[in-house]
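Trainee: sequence and predicted structure are below.
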Amino acid sequence: MLSKSETSKIEEAIVEAEKNTSGEIRVHVVKKCNGDPYIEAVKIFEKLKMHETALRNGVLLLLSFNDKKLAILGDKGINEKVPKDFWEDIKNEMISHFKNENFVSGIAEGILKSGEQLKKYFPYKDDDINELSNDVTFEE
């Protein structure tokens, strides 16, 4: 699905995006996504305990390369602040990269754009802690 080098680049983008925000960004890759990727993202969001962040400002990017599916799910705190079509706009930008087989740059751009909004509404504070892992997670 992703090489170690590609995974590292994505994780570096997460670290970069989270430098200026208390928000949390995760990327989860599934081999198979049966049905609606948004519904799958909701399940993974809960499984990764992303709904347990203090400010409810987690963002999950769910990808299934085999099925060519993508979902972006923001938690309640961030969804109350961003424009209604914000996640769809990021998703469309990512897809434009994917069409040119620029998967890692597309994912990184989605992460960085998410981070910009998180920074706007949830700026980094001196006492912030990294509540969730920055590791890309994979599921068969």
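Mentor: Looks like it arrived, so ask away.
Trainee: count the residues that sit near the residue nearest to Thr137 when sequence neighbours are not counted.
Mentor: Sequence neighbours aside, His28 is the residue nearest to Thr137 in space, at 4.8 Å (criterion: Cβ to Cβ, 6 or more residues apart in numbering). All C-beta spots, glycine's among them, are computed from the backbone N, C-alpha and C. By the criterion of other Cβ atoms under 10 Å, His28 has 21 neighbours.
Trainee: now do the SS call for His28.
Mentor: Judged by DSSP: H, G, I helix; E, B strand; the rest coil, the three-state class of His28 is strand.
Trainee: that one pairs with what?
Mentor: With DSSP bridges as the criterion, His28 is bridged to Leu62, Thr137.
Trainee: how far away is it from Ile129?
Mentor: Distance of His28 to Ile129, computed by Cβ to Cβ, to the nearest Å: 21 Å.
Trainee: what of Glu88?
Mentor: Note on Glu88: its distance to Ile129, by Cβ to Cβ, is 31 Å.
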